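J.: prediction below, plus the sequence it came from.
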Amino acid sequence: AQRNQFRLTDGRFENLPAGPLRVTLSAQEFIGDQMLRTRWENTALPSGKHVLPYSATNSNLISFSEFAELFKENKDFRSAFASLHADIQDLNRGKKFSWDRLRKQSGNRKGWLRLPALHSSLLDLIDFVDPGPFCRFVPLHRRIRMLGVPASNLPLSMRQTINAMAQIRDGRSLHASDLESMAIMVRGRKAGHEIEAGVCTWSQTLIFALETMKVPYRCGYVLPEETPQWYRDLQPEGTPPLMMHNAKIIEDNISMIQHLQTLKPLSKDQKPLRTYSSKSNQEAWVISNLHDHFLDWVTESGLKPLSEVSKGKHLKKEITKPAAGSTLLRDLSLVEAMLNTNLQKDKPLLGGTSPCSADVLLGPILSHFDVLKKRFETQGPQVNLGPTTREYLRNLYLNEAFKKSQPPEDLIVERYSSMASGEEKKKKEIMWERNY
């Protein structure tokens, strides 16, 4: 069947025969008919349930779960999608469509352009609805077109990214070799005319992991209140840390640790970052969520420096959400139970004698909390570390890799005082307004 195909060169339409992942009008009508709820309502499904009638769902179309069960067991339903299913299986296997098959259908290779053209059009739409510099949904460095179109035809945000990456390659931010080795960008702070390492649990986690593995890396600093354009193009939220390794750019915190766990030692001195196998869903949950709950506690529990309490001074910000303390208290109870279950005399860490993935994720947060409890007074539910957690921290403080990652106590106090007073939030809001 002939279709109207959009032509990239001049924006006009041209006729092209049907090809892979293309469906004729008659087939589209047949598929649409198969998706109607009235056609299948009350049909028994393999799970023992039935396709619900319209009166129970107020929807004319079947749900995805109903679609999946019908597709798996009902031959009549599955036959409507046979051609599309075969094409998708070819894609999943990493195969290109047979050119012989394509020539029979279209007489040339133009039919294959439909998929990359659609892909590029969708990326154009993403650029329109989610423009730079922040790009919250899909980072700019992942918006790579399948079609080799001239740079002048790229959206403005993509051209800006290309220019920014050229600056990185030229050495004005990071060197080209960093994209082929290991480079990280972590939170920084101004120290006079210099920039030094700041306080950030995720940045510390990344450094702790790399030092544990003894992997060589280059480290750069980002000031959150003065985030450069090129960094926001690479990290959607403009926040540190960021990892660049073997031409991969990883901006998700947990994904960075997962990536490090896949690396194999390249020398006798290096060692892998062992994966901690959670014994329960609760353990996995607390490892994943402790960071966010800790920051909620910092900003919402009315932290007051003990030096000011003794002088009768109080921070303006009073406690706003007592639940923040209750949530962190529950998390730390789960951590205490996890440590009680796993630690032994000859294995002082969750990784035994060497830190594992769970140690590098929990250690920085617990150490920062330990500092705050010594230097601050809090309102609401009193949250404290259990005895096993304290012993675990004492052992962690002796670890050489942890020592290299841990910032001085005074800097930790300074950072969280700024968060508790709301000063840091104001700086972020000013930065966002300026960049927009």
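T.: Okay, I see it.

J.: residue ranges with poor pLDDT in the stretch 251-400 of the chain?
T.: 301-324, 378-381 (pLDDT under 70).

J.: just the strands in it please.
T.: In the stretch 251-400 of the chain, the strands defined using DSSP state E, counting those that start in this stretch lie at 304-305, 376-377.

J.: which residues in the stretch 1-150 of the chain form helices?
T.: 25-34, 37-40, 54-57, 64-73, 75-79, 82-92, 99-106, 114-129 (DSSP state H, counting those that start in this stretch).

J.: pLDDT averaged over the third one - what is it?
T.: This means helix 54-57. Averaging pLDDT along helix 54-57 gives 84.

J.: neighbours of Asp370, how many?
T.: Residues lying near Asp370 (other CB atoms under 10 Å) number 19. C-betas here are computed from N, CA, C, even on glycine.

J.: what do you get for His291?
T.: By other CB under 10 Å, neighbour count at His291 equals 19.

J.: for it, what are its contacts?
T.: Applying CB atoms under 8 Å, 6 or more residues apart in numbering to His291 gives the contacts Thr201, Trp202, Asn253, Leu361, Ile365.

J.: ok, Tyr221 next?
T.: Contacts of Tyr221 (CB under 8 Å, 6+ apart): Met185, Val186, Arg187, Gly188, Arg189, Ile195, Glu196, Ala197, Gly198.

J.: residues near Ala68, how many?
T.: 14.

J.: just the pLDDT at it, thanks.
T.: 90.

J.: gap between it and Asn74?
T.: Computed as CB to CB, to the nearest Å, the Ala68 to Asn74 distance reads 11 Å.

J.: equivalent analysis for Ser47, please.
T.: Distance from Ser47 to Asn74, by CB to CB: 13 Å.

J.: now Glu391
T.: Counting by CB to CB - Glu391 and Asn74 are separated by 60 Å.

J.: cool, and Phe208?
T.: 53 Å.

J.: who's more crowded, the two?
T.: Comparing Phe208 with Asn74 by neighbour count (other CB under 10 Å), the higher total belongs to Phe208, at 28 against 15.

J.: residues near the residue nearest to the more buried one when sequence neighbours are not counted, how many?
T.: Nearest non-adjacent residue to Phe208, counting by CB to CB, 6 or more residues apart in numbering: Ser405, 4.0 Å away. Neighbourhood size, Ser405 [other CB under 10 Å]: 23.

J.: Ser405 and Asp359 touch, don't they?
T.: No: taking contacts as CB atoms under 8 Å, Ser405 lies outside contact range of Asp359: 11.5 Å.

J.: which residues does the strand ranked longest in the chain contact?
T.: Ranked by residue count, the top strand of the chain under DSSP state E comes out as strand 182-191. The contact list for strand 182-191 (CB under 8 Å, 6+ apart) reads 174, 195-200, 203, 206-207, 210, 215-224, 231, 235, 240-245, 411.

J.: quick one: the helices in the stretch 301-436 of the chain?
T.: 306-310, 323-342, 357-375, 387-397, 400-405, 409-421, 423-435.

J.: kindly compare burial across these and name the winner.
T.: helix 357-375 (a mean of 22; mean count of other CB atoms under 10 Å).

J.: okay, and the beta partners of Leu36?
T.: Leu61 (DSSP bridges).

J.: separation between it and Tyr54?
T.: 9 Å.

J.: quickly list what's touching both of those two.
T.: In contact with both Leu36 and Tyr54: Asn60, using CB under 8 Å, 6+ apart.

J.: who touches Gly386 in this structure?
T.: Leu332, Ser333, Val335, Glu336, Leu339.

J.: ok, the closest residue to the fourth one other than its chain neighbours to Ala337 distance?
T.: The reference is to Glu336. Spatial nearest neighbour of Glu336, excluding adjacent residues (CB to CB, 6+ apart): Gly386 at 3.5 Å. According to CB to CB, Gly386 and Ala337 sit 9 Å apart.

J.: next one: Tyr221
T.: In terms of CB to CB, Tyr221 sits 37 Å off from Ala337.

J.: of the contacts of His291, which pair is most distant in space?
T.: Within the contacts of His291, Asn253 and Ile365 form the most distant pair, 11.9 Å apart (CB to CB).

J.: ok, Thr201 - contacts?
T.: Here Thr201 is in contact with His291, Phe294, Pro364, Ile365, His368 (CB under 8 Å, 6+ apart).

J.: now, which of these sits nearest Lys271?
T.: Among the contacts of Thr201, and counting by CB to CB, the member closest to Lys271 is Pro364, at 19.9 Å.

J.: shouldn't the closest one be in contact with Ile412?
T.: No: using CB under 8 Å, Pro364 makes no contact with Ile412, being 10.1 Å away.

J.: next one: Cys356 from Phe402, what distance?
T.: 13 Å.

J.: Glu196 too?
T.: Taking CB to CB, one finds Glu196 at 19 Å from Phe402.

J.: could you do Lys72 as well?
T.: Taken as CB to CB, the span from Lys72 to Phe402 is 50 Å.
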